[in-house]
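K.L.:
Sequence and predicted structure are below.
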Amino acid sequence: MSENTLVGSEVRRNSLHQRNMLLSMRLNSGAGRKSLTASGRPEINPNRVRKQRTSFSQSSKIPAASGASGGRVHNSNNNRPGEFSAAPIAASPIKTNPPAAQTSPRKRSAALSTLGSEKSPLKFQELSLDDFEVGKKLGKGKFGKVYCVKHKRTGFICALKAMKKNEIVQYNVQKQFRREVEIQAALKHPNLTRLYGYFHDEKRVYLLMEYLVNGELYKHLRSHGPFNDITASYFVYQMADALDHMHSRRILHRDIKPENILLGFNNTLKLTDFGWSVTNVGSAKRKTLCGTMDYLSPELIKSREYDNKVDVWALGVLTFELLVGNPPFEENSKELTYKRIIRRDLRFPDHVSPKARHLISRLLEYEPSARLPLKDVKTHPWIEKNRPFW
Ligand SMILES: Nc1ncnc2c1ncn2[C@@H]1O[C@H](COP(=O)(O)OP(=O)(O)OP(=O)(O)O)[C@@H](O)[C@H]1O
């Protein structure tokens, strides 16, 4: 089946009931890693070596992950060792509101989210690992492993990320971790991965997240190759909408790339990994250099002050990568990549359509203020032309 046909005609499976049934089937199988998108071919191409694309900031203590992103370097200013274990995320909540036995999956999901306390709706005071049936491992990040799990009482299926407390303290990322959890929990949008809440025991912190059955977009890009205009435009639209929502709440993501985008049913994309997200108060500009080399904007490379337009630039890089298969300024060395970014050395392969070129060029404007507003991305002629086929 062609990519277009699949995108256009795939039967919609939107109800929570169906969602949970499908997720249940995948809980203990490897099926979650198989393709849903585009070609219908198996997702994993063993002959392709994964390229390490590291997220980073100015100084480094964090270990490299064996998973997608490699070692992210962080700025550990202001972190105090031991902070985490003493006060996990929010002030100590007391009262809890456990879920009643529910039958409908929608109610189950609601019930799970009422587990938090009044003071900290995020903290699932009553939960422990014993409350979950643990399924297959979905992946491994720098600070822990992610599993598909089922909440035994409600049957609700989600992703659970388990992180060792001593590692969070050892690498002095308590502050970054708190910020990531708080930001992700505050964001509710169909194209942002939901964080339902967290609980912890003596050794670990557990984050309960929305489960995205088809894993990283990066994996699909590598196995499938570049996407056609219909699929790519749908992906770009969703990411523009997600970023627009974040920016409207004064939050910058700062690490857009296919490794940080997860794929759910019906080609739905969800931005994830809010480890470098930050709230930009007022009109303040930021200076911390962070992100992933191929996705850095000129102002980041030149250590200038920057704002949410760094995400708009990254959306331009993403659009190019989705259509071409690699980012536009990719070179073998950091220095060469930086040179090409600063020169805005943008070269399109012949197959990229004029409308797509126009959008990419408008997102990759050198001057941040000249970049296309996200609202206009959503109505750009390239998007409008392809929208009827989504
Ligand atoms: N909500 C989720 N649903 C499905 N799979 C997930 C989910 N979250 C993570 N994964 C899988 O688990 C892997 C590890 O995720 P994790 O967030 O720990 O690491 P990461 O994306 O490499 O980020 P970090 O840079 O924080 O280490 C991901 O690459 C992805 O394949």
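P.N.:
On my side now, so go ahead. Fair warning: this is a prediction, and the values are worked out from it, not measured in the lab.
K.L.:
For the nearest residue to R286 once chain neighbours are set aside, the count of nearby residues, please.
P.N.:
The shortest distance from R286 to any non-neighbouring residue, by CB to CB, 6 or more residues apart in numbering, is to Y306 (5.8 Å). (Glycine included, C-beta is placed from N, CA and C.) Neighbour count for Y306, taken as other CB atoms under 10 Å: 23.
K.L.:
same question, the one 5 residues further on
P.N.:
Residues lying near D311 (other CB under 10 Å) number 30.
K.L.:
With A370 instead?
P.N.:
Applying other CB under 10 Å, we find 9 residues neighbouring A370.
K.L.:
where does it land on pLDDT?
P.N.:
Note for A370: predicted pLDDT of 98.
K.L.:
any idea how far it lies from Y198?
P.N.:
When distance is defined by CB to CB, to the nearest Å, A370 is 41 Å away from Y198.
K.L.:
Could you list the contact residues of this structure toward the ligand?
P.N.:
Within the chain, the positions lying close to the ligand (CB under 6 Å from any ligand atom) are 65, 67-69, 72, 138-142, 144, 146, 159, 161, 193, 209-212, 215-216, 262, 272-273, 275.
K.L.:
Tell me where the stretch 51-200 of the chain has strands.
P.N.:
Counting by DSSP state E, counting those that start in this stretch, one finds strands in the stretch 51-200 of the chain at the ranges 55-56, 132-141, 144-151, 157-164, 195-200.
K.L.:
Point out the most buried one among the ones you listed.
P.N.:
Comparing the strands of the stretch 51-200 of the chain by mean neighbour count (mean count of other CB atoms under 10 Å), strand 55-56 ranks first with a mean of 24.
K.L.:
Let me see the mean pLDDT of that one.
P.N.:
Mean pLDDT, computed over strand 55-56, is 70.
K.L.:
Reformat the strands of the stretch 51-200 of the chain as a markdown table; add distance to F235.
P.N.:
A markdown table is the format used below for the strands of the stretch 51-200 of the chain (distance: least, CB to CB, whole Å):
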| stretch | distance to F235 |
| --- | --- |
| strand 55-56 | 20 |
| strand 132-141 | 20 |
| strand 144-151 | 22 |
| strand 157-164 | 21 |
| strand 195-200 | 22 |
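K.L.:
closest one to A185 among those?
P.N.:
Nearest to A185 among the strands of the stretch 51-200 of the chain is strand 195-200 (4.8 Å), distances taken as CB to CB.
K.L.:
per-residue pLDDT, G275?
P.N.:
85.
K.L.:
Tell me, how many residues neighbour the closest residue to G316 other than its chain neighbours?
P.N.:
Leaving aside its chain neighbours, G316 sits nearest to L363 (2.9 Å; criterion: CB to CB, 6+ apart). Neighbour count of L363, defined by other CB under 10 Å: 24.
K.L.:
cool, and Q174?
P.N.:
23.
K.L.:
One more: R387?
P.N.:
14.
K.L.:
you'd agree it is up against S233?
P.N.:
Yes. Applying CB atoms under 8 Å, one finds R387 in contact with S233, separated by 7.3 Å.
K.L.:
mind giving me the domain ranges of this structure?
P.N.:
55-209, 217-389 (automatic domain parsing).
K.L.:
In terms of mean pLDDT, which of the ones you listed ranks lowest?
P.N.:
Looking over these, mean pLDDT reaches its minimum on domain 55-209, with a mean of 69.
K.L.:
distance between the ends of that one?
P.N.:
End-to-end span of domain 55-209 (CA to CA, to the nearest Å): 22 Å.
K.L.:
And for stretch 255-262?
P.N.:
14 Å.
K.L.:
Only the buried residues of it, if you could.
P.N.:
For stretch 255-262, burial by neighbour count (16 or more other CB atoms under 10 Å) applies to 255-262.
K.L.:
now do stretch 225-238
P.N.:
Quick answer for stretch 225-238 (16+ other CB under 10 Å): 226-238.
K.L.:
for stretch 354-368, same thing?
P.N.:
Counting neighbours by 16+ other CB under 10 Å, one finds that the buried residues in stretch 354-368 are 355-356, 359-360, 362-365, 368.
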